[in-house]
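*Asks:* sequence plus predicted model, see below.
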Amino acid sequence: MLQFRTMNSAGTLSVAENLARVQERIQVAARRAGRTDEVTLVAVTKSVPPERIAEAYRVGVRHFGENRVQEFEDKRPLLALPPAIWHMVGHVQTNKARRAAELFDRVDSLDSLRLAEKLAAAARERGRGLPVLIQVHLGEEETKHGVEPGDLGPLVEQIARLDGVSLEGLMTIPPYLEPVERVRPYFRRLRELGEEIDRRRLPRVAMKELSMGMSHDFEVAIEEGATQVRLGTALFGPRPGPA
């Protein structure tokens, strides 16, 4: 269970202290797995106010993830954090694809060819290449988005032919399970899918990123090969509930 340090004078949790604890846990999990490569911490800022995001930036966080295009569009004017890298980690509706390509440095939740085509077109118009990850649906939860494993191979081949996006890996959101060890098979399966795709040596496809693991299960994800972990509660504390 996550435990947080003391509150500051404003009555909020210290991002700096939580970050230090999280970084230590990442390092311990990587050593346990015999890994020496880097694991990127993506701070998920859904419902997090701009001043808390800026606090995370000041203590060294450089990768941030937002779940909604509109929420980030509202926050963006209040955030001047070069060289922060902004990930879109939530579901992107196709009618928001153009705006997502304008606002974000990466889209980590690609789940259809139609969305890929719209993102690619928007990226080409801006004269840039947009890195993307495919979100894979590995659980049986109907509320979760993502591509079914059986449809992954054909989608990868189609995306590989698109100018404007570069496919760099896979992402998944497994079920929330306790004890956390029950989540391990989902992370292992994503790694295996990435390895299967990598062995095909498709042009313009590099399975170098596995975005998996969140605040309650990121250590297991790292043990199974995560290169990115998406942490919100572990950094910023529990999100405020409805008033």
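*Replies:* Alright, I've got the coordinates. Numbering: from 1, shown residues only.
*Asks:* CA atoms for contacts and neighbours, from now on please.
*Replies:* Fine.
*Asks:* in the protein, where is pLDDT below threshold?
*Replies:* Across the chain, residues meeting the criterion (pLDDT under 70) sit at 1-13, 240-243.
*Asks:* all strands for it, in order.
*Replies:* For the chain, the strands defined by DSSP state E occupy 40-44, 63-66, 85-88, 106-110, 130-136, 165-172, 205-211, 228-231.
*Asks:* what pairs with the longest one, parallel or antiparallel?
*Replies:* According to DSSP bridges, strand 165-172 forms sheet pairs with strand 130-136 (parallel), strand 205-211 (parallel).
*Asks:* restricting to C-alpha, output that strand in CSV.
*Replies:* Included here for strand 165-172 are C-alpha records, laid out as CSV according to Å, rounded to 0.1, in the frame of the first residue of the first chain:
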residue,chain,number,x,y,z
VAL,A,165,3.4,9.0,-37.1
SER,A,166,6.1,6.8,-35.8
LEU,A,167,5.1,3.7,-33.8
GLU,A,168,7.4,3.3,-30.8
GLY,A,169,5.8,0.7,-28.7
LEU,A,170,2.7,-0.5,-26.7
MET,A,171,0.7,0.6,-23.8
THR,A,172,-1.9,-1.1,-21.6
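*Asks:* and the angle for that strand with strand 106-110?
*Replies:* Our comparison of strand 165-172 with strand 106-110, counting by axes from the mean of the first three to the mean of the last three CA atoms, to 10 degrees, yields an angle of 60 degrees.
*Asks:* how about stretch 191-206: buried residues?
*Replies:* 191, 193-194, 197, 204-206 (16 or more other CA atoms under 10 Å).
*Asks:* now do that stretch: distance from first to last residue.
*Replies:* 13 Å (CA to CA, to the nearest Å).
*Asks:* who's in contact with that stretch?
*Replies:* Residues lying outside stretch 191-206 but in contact with it, judged by CA atoms under 8 Å, 6 or more residues apart in numbering, are 149, 153, 156-157, 160, 166-170, 207, 210, 224-226.
*Asks:* one more pass at 6 Å, please.
*Replies:* If you take CA atoms under 6 Å, 6 or more residues apart in numbering as the criterion, stretch 191-206 is touched by 160, 167-168, 207.
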